[in-house]
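K.L.:
Give me coordinates for this.
(one chain, ligands or ions: 1)
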Amino acid sequence: MRIEENKELAPLTTLGVGGPARWFVEAGSESDVVAAVTWAREKNVPLFVLGGGSNLVVADRGFDGLVLHVRLCGVEKYEHADHIVYEVGAGEDWDAFVQRTVVDNSAGLECLAGIPGTIGGTPVQNVGAYGQEVASTIVNVRAYDLKTLAFVDLSPAECDFAYRRSRFNSKDRGRYVITRVDYRLNPGGAPTLRYADVQKEFSGRLDPSVKEVAEAVRRIRRSKGMLLVAGDPDCRSVGSFFKNPVVSAEQMHQIATKEGKEPPSFPTGPQGQQTGRAKIPAAWLIEHAGFAKGFAQGAAGISSRHTLALINRGGAKAAEILALANHITSAVETRFGIQLEREPVLLGFEEPC
Ligand SMILES: Cc1cc2nc3c(=O)[nH]c(=O)nc-3n(C[C@H](O)[C@H](O)[C@H](O)COP(=O)(O)OP(=O)(O)OC[C@H]3O[C@@H](n4cnc5c(N)ncnc54)[C@H](O)[C@@H]3O)c2cc1C
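P.N.:
Residues are numbered from 1 along each chain as shown. The predicted structure is shown next:
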C-alpha cells in the first residue's frame, strides 16, 4: 500500500475543481481496502471513498483526511437458463461495462449507457436515466463495513433503493466501501423504451435492439452535453446538479395557477406507476425562475445544452460553483416554494455533505 501526500483531486473529478487530499491511496483488492481503513483508523483521520469523481464537488481547501481510490477490477459472467449475472469489481468503468452487456445483447442497462463513473458509484445514488435505474438489476452489493470491520453482501432490499437514493447516501453515508456489484440482466430481452426522447429516436418503431437503444441514448446524451467528450466544455460538470423534486397534487396545482400552465411531470412509481405525487423536471423550475441555458456567473455557469448541469467554464473555484447553485436554489424557492435538493456529494466543505 502506497500512501501519497497532498494529492490533487481536481484532475480525478469531472467538474475539475477543488484542492488536494492530505493523504491518498489506491485500493486494487479487498485486502488493500482493509489496509487503508486500518491505516486511517490508526492515524485517526477521516476516510473518503472515491470512485470516478463524476458526482463530486471538492472544496477549494481540499480534504484533510485519507482518500481511498477504489480500483478493484474484474468482470465475471454467470449464464443461467433465463438470465445472466455479472459480478463486477467496484473500480471498473461503468460505461465500458454497459457497453459489454450491450455487445452480449443483455437487456437491463441500455438506457444507462454513457453515464460516467465507476461500478461502485452506481448503487450509491441508484444511478438512473431514461426510464431505468440500477436498482432494477442489482442483485447483490459486496462491501466492507467500517462499523463491524467485516465484508458483507447486501441484497437490493437491504440497500433501500429509491429515486437517486440508497442507504449508502442516506442513513449509512460513509459506512461502506463497496468492492463489487452483481447485476442480473435479461439475455435477448427487449430494451426499455419508456422515455419520449428515446422513443422519438425510432419514429414509432417498437422493436429496436438493445444496441440501438444504447446508441440512441448516447446520441441524446451527447446532444445535451451529458456524455464525456474531450474538449466539450458543457460536460465539465457533475451531470445534473439538482434532483427532480417530487411534489403533491396541491403543489402542482399552485405552480400551474402561478405560471398559467401545468409544468411537465412524470409519475413517481418504480415502473412509471401513478402514486398521487409527481416528479417535476428541476430544469423547468430553474428556467421559469429566470435562468437560461448558457447563464454565466464568473467561471461557473449553466451548460449551454442542459439547464441542470452546472459547469466549470475554465479555472472555476468550488466556491463559485456553490455560489451559483445557491443563487439558483434561492430563486426557485422564492418563486415556487420548492427547495431543490442537490445531487452531487460535497467533500471538504464545512457543512455536512
Ligand atoms: C456528464 C455527466 C452525466 C451524468 N449523468 C448521470 C445520469 O444520467 N444519471 C445519474 O444517476 N448520474 C449521472 N451522473 C452522475 C454520476 O456519473 C453518477 O452518480 C456516478 O454513478 C458516480 O460514480 P463515481 O464512481 O464517479 O462516484 P464518485 O463521484 O467518485 O463518488 C460519488 C459518491 O459515491 C461514493 N462512492 C463511489 N464509489 C464508491 C465505492 N466503491 N464504495 C462506497 N462509496 C463509493 C463516494 O464516496 C461519493 O459519496 C452524471 C455525471 C456526469 C459528469
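K.L.:
of all of the stretch 251-353 of the chain, which residue lies closest to the ligand?
P.N.:
V345 (3.9 Å; CB to the nearest ligand atom). Every C-beta, even on glycine, is put in place using the N, C-alpha and C of the backbone.
K.L.:
show me the contacts for that residue.
P.N.:
Neighbour list for V345: N55, L56, V57, N169, C353 [criterion: CB atoms under 8 Å, 6 or more residues apart in numbering].
K.L.:
Just the element for the third one, please.
P.N.:
For V57, the host element (DSSP states H and E) is strand 56-58.
K.L.:
can you give me the mean pLDDT across that strand?
P.N.:
Across strand 56-58, pLDDT averages out at 98.
K.L.:
which neighbours does that strand have in its sheet, and in what orientation?
P.N.:
As defined by DSSP bridges, the strand partners of strand 56-58 come to strand 345-347 (parallel).
K.L.:
can you give me the helices in the stretch 251-353 of the chain?
P.N.:
Here the stretch 251-353 of the chain has its helices, by DSSP state H, counting those that start in this stretch, at 282-288, 318-336.
K.L.:
highest average neighbour count across these?
P.N.:
Neighbour counts (mean count of other CB atoms under 10 Å) averaged over each of the helices of the stretch 251-353 of the chain peak at helix 282-288, with a mean of 20.
K.L.:
distance between stretch 139-148 and the chain's centre?
P.N.:
Put simply, stretch 139-148 sits 19 Å off its chain's centre (CA atoms, centre = their mean, to the nearest Å).
K.L.:
can you give me the mean pLDDT across it?
P.N.:
Here the average pLDDT along stretch 139-148 is 98.
K.L.:
Then stretch 235-252?
P.N.:
pLDDT averaged over stretch 235-252 gives 93.
K.L.:
what bridges to the residue of the stretch 251-353 of the chain closest to the ligand?
P.N.:
Here V345, judged by DSSP bridges, has bridge partners L56.
K.L.:
all numbers from here: first residue = 39
P.N.:
Sure thing, new numbering starts at 39, so read that last one as V383.
K.L.:
Show me which residues of the stretch 289-391 of the chain are close to the ligand?
P.N.:
V383 (CB under 6 Å from any ligand atom).
K.L.:
same thing but 8 Å
P.N.:
Selection of the stretch 289-391 of the chain residues close to the ligand by CB under 8 Å from any ligand atom yields A347, E381, P382, V383, L385, C391.
K.L.:
Share the number of residues neighbouring the first one, please.
P.N.:
Other residues within reach of A347, judged by other CB atoms under 10 Å, total 25.
K.L.:
is it true that A59 lies in a strand?
P.N.:
Yes - under DSSP: H, G, I helix; E, B strand; the rest coil, A59 falls within a strand.
K.L.:
Name the SS class of the nearest residue to it once chain neighbours are set aside, please.
P.N.:
Once flanking residues are discounted, A59 sits nearest to V105: 3.9 Å by CB to CB, 6 or more residues apart in numbering. Recorded secondary structure, V105: strand (three-state DSSP).
K.L.:
pLDDT score for V105?
P.N.:
98.
K.L.:
okay, now it: neighbour count?
P.N.:
Per other CB under 10 Å, the neighbour tally for V105 reads 27.
K.L.:
which residues does it contact?
P.N.:
V105 neighbours (CB under 8 Å, 6+ apart): K45, L47, A59, W61, F62, V63, F86, V87, L88.
K.L.:
rerun that using 7 Å as the cut-off
P.N.:
V105 makes contact with L47, A59, F62, F86, L88, according to CB atoms under 7 Å, 6 or more residues apart in numbering.
K.L.:
The first one contacts R60, correct?
P.N.:
Put plainly, it is L47. No - if you go by CB atoms under 7 Å, L47 and R60 don't touch, sitting 10.6 Å apart.
K.L.:
For the residue nearest to A59, give the beta-bridge partners.
P.N.:
Beta-bridge partners recorded for V105 (DSSP bridges): F62, F86.
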